[in-house]
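Participant: Compute the structure for the input listed below.
(chains A and B)
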Amino acid sequence: MKLKPIIINTFIESVRDRILIILIVLGLLLMASAKIIQPLALGEESKIIKDLGLSAINLVSVLIAIFVGGRLIYKEIEKRTIYIVLSKPVRRWEFILGKFFGLLLVLFVSLLILAIGFFIVLLLTNIRADFTLLLPLLLLIFQLAIITALAIFFSTFVTPIGASIFTFILYFVGHLTRDLKAFAAMVKNPVITFIANLFYYLLPNLANFNIKGMVVHNVPIPPSVLLLTILYGILYSAGLLFLSVLFFQRKDL
Amino acid sequence: MRKVSLTLLGVITIILWLFSITRLQLILDKKRKKPLRELLVEELAYFPSGKFLKPMVIEYENLAADLVWLRAIQYYGHHLMTDRRYTWLGHIFSILTQLDPKFIGAYRFGGMTLAWDAGEPEEAINLLRRGMRFNPLRWELPFDIAFIYYMISRDYEKAGDYFYIASKMPETWGISHRWAAFSYGRTEKRREFGKILFQDLYESTKNPEMKRIARRGLKFIKREEDMEYLQKGIDNYYQKYKKYPADLKELLASGFIDSIPKEPTGGFYTITFDQEGKAKVSYSQPRRR
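Facilitator: From the prediction side, this is the model:
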């Protein structure tokens, strides 16, 4: 298994990426703005600061996954470094998995930095930091796994910009499939219903991973729902990685 | 030398650029006839409902609701200090709560400002009722509806119903029971419900002061029942003899009542006559030591 060196290499390479640093700083600044909002919130500062912190972490992590992930494979091809890697006893699936876990490690570290920033903001604003606030971040990791797998999947056959755009579209649509299904049910047209169902079940249902509001409002989340959502994230990412490997195997390099 | 002058030129260009965009923005702001806070609210008017806005903000609906909340506060504060006209207030809170249906603070603030400041109690009640649909276990929402019915609409029956609902919610404010009883006290159902509510209050609280209030409430209802019973006896006596009994003992002897009940607060019942000579039951309270 040559996974470890690829993971470490992907991690080091991505950490050097300026876009990563810019996005993390942006996220931290966004969370720090809570201090300005606090006096304007009229008794709702706890909710607003938690919403702001969790949303900032979410948005920044998703952007990192989309922009850094979209360039991951294509950059190797463009710089021709892939030929050096593949000339060594590294199988193509190992390369894809290494890239995936390398980027996931980057995302995990970024998320950790942002989460520490978030808890510092809570401390500075005298808002009780609850253990449950970690739950949306836990699910975010699995949402990021899907987005990273999507970015890598597109990265195997389109340009970095194309991969980022497609991933972003699927991220957006992935949060809308529930609405699409609900709207289709209202229209009562069998063709529209069929298409909406196709979208709902085949496209990643990313709304499953959004529990930020529930946690902020102290709505209890059954552990079974959390576990099944995590399982969904693992299964969906695994499928996408499998497809990525298939595409990458056929690629003429 | 050439490098220094190029850097200087760069710095001057950036300063000029910053100055010109700031200046241009100031001119644009002046050209607008309405203040920025009004424009921010009017932007929301383009969305007929938060339902359409929600899909556009995908998983950031709570954050979007928070931004609308900040705009709502600014809008309310500005009109409170100026013309006291709140044309868009209902619309803003409707969008806000559709984005985040669990935002209790928004329902409560929206409900109170709509009812009191905007003079729209019906709109306020609709907003709070919608809140109840999404938050069926939050006592604050039926409590606020009841409060509006009681204080503004003067619909005591409905006020009582909503106070009663609030009193049954988890972690409810103890006062909900009392308010339900007070509200029903103005309707025909008052004793029936009042007794249940005060009994519930007595059993549900460990607070001795609350228990005292509940006991007192039950005694007041008992006294009203006693007085109604005695008055009925007097009226029946009058119908038969075309005169009133001189006292309660005479009424008891006539057989129109079975017994003279004990006044529950330690006093006693008596018959008094008004200026027209009509007999009425009244009570005397025990002397305070």
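Participant: Help me confirm that B:Ser176 comes into contact with B:Asp144.
Facilitator: No - counting by CB atoms under 8 Å, B:Ser176 stays clear of B:Asp144, with 11.1 Å between them. The way it works is simple: take the backbone N, C-alpha and C, and place the C-beta from them, glycine included.
Participant: Enumerate the positions of stretch B:150-162 that are buried.
Facilitator: Buried residues in stretch B:150-162, counting neighbours by 16 or more other CB atoms under 10 Å in any protein chain shown, are found at B:Tyr150, B:Ile152, B:Asp155, B:Tyr156, B:Lys158, B:Ala159, B:Gly160, B:Asp161, B:Tyr162.
Participant: Please disregard the earlier target; I meant stretch A:136-155.
Facilitator: A:136-137, A:139-155.
Participant: Can you pull the phi/psi pair for the spatially most central residue of chain A?
Facilitator: Of all residues in chain A, the one closest to the mean position by CA atoms, centre = their mean is A:Leu144, 2.2 Å from it. Backbone torsions for A:Leu144, taken as degrees, to the nearest 10, come to phi -60, psi -30.
Participant: show me what contacts it?
Facilitator: By CB atoms under 8 Å, 6 or more residues apart in numbering or on different chains, A:Leu144 lies in contact with A:Ser61, A:Val62, A:Ala65, A:Leu104, A:Leu107, A:Leu111.
Participant: pLDDT of the host helix or strand of A:Thr167, averaged?
Facilitator: Assigned by DSSP states H and E, A:Thr167 falls within helix A:160-174. Averaging pLDDT along helix A:160-174 gives 92.
Participant: got the residues of chain B near chain A?
Facilitator: B:54-55, B:58-63, B:65-66, B:69-70, B:73-74, B:100, B:102-103, B:105-106, B:109 (CB under 8 Å from any CB of the partner chain).
Participant: Now restrict those residues to buried residues only.
Facilitator: Buried among the residues of chain B next to chain A (16+ other CB under 10 Å): B:54, B:58-63, B:65-66, B:69-70, B:73-74, B:100, B:102-103, B:105-106, B:109.
Participant: Pretty sure B:Tyr269 sits in a helix.
Facilitator: No - checked against DSSP: H, G, I helix; E, B strand; the rest coil, B:Tyr269 lies outside a helix; its state is strand.
Participant: Give me the neighbour count for the closest residue in space to it that isn't next to it in sequence.
Facilitator: Distances taken as CB to CB, 6 or more residues apart in numbering or on different chains place B:Tyr283 nearest to B:Tyr269, at 5.2 Å, with adjacent residues excluded. Per other CB atoms under 10 Å in any protein chain shown, the neighbour tally for B:Tyr283 reads 16.
Participant: Confirm that B:Tyr283 sits in a strand.
Facilitator: Yes - when classified by three-state DSSP, B:Tyr283 is found to be part of a strand.
Participant: longest helix in chain B, by residue count?
Facilitator: Secondary structure of chain B per DSSP state H: the longest helix is helix B:208-241.
Participant: Which positions within that helix qualify as buried?
Facilitator: Per 16+ other CB under 10 Å, helix B:208-241 contains these buried residues: B:210, B:213-214, B:217-218, B:220-223, B:226-227, B:230, B:233-234, B:237.
Participant: Roughly how far does the residue nearest to B:Leu248 when sequence neighbours are not counted sit from chain A?
Facilitator: Nearest residue to B:Leu248, sequence neighbours excluded (CB to CB, 6+ apart): B:Ile260, at 5.0 Å. Counting by CB to the nearest CB, to the nearest Å, the gap from B:Ile260 to chain A is 55 Å.
Participant: can you count the residues close to B:Ile260?
Facilitator: B:Ile260, neighbours per other CB under 10 Å, totals 16.
Participant: And the one 10 residues further on, by the same measure?
Facilitator: A total of 14 residues lie near B:Thr270 under the criterion other CB under 10 Å.
Participant: could you measure it against B:Ile257, distance?
Facilitator: Here the criterion is CB to CB, to the nearest Å. By it, B:Thr270 lies 14 Å from B:Ile257.
Participant: Could you do A:Asn58 as well?
Facilitator: 74 Å.
Participant: Can you tell me which of the buried residues of stretch B:150-162 end up in helices?
Facilitator: B:Tyr156, B:Lys158, B:Ala159, B:Gly160, B:Asp161, B:Tyr162.
Participant: Among those residues, show me the least confident.
Facilitator: Scoring these by pLDDT puts B:Tyr156 last, at 86.
Participant: doesn't B:Ser183 make contact with that one?
Facilitator: Yes - assessed by CB under 8 Å, B:Tyr156 is found in contact with B:Ser183 at 4.9 Å.
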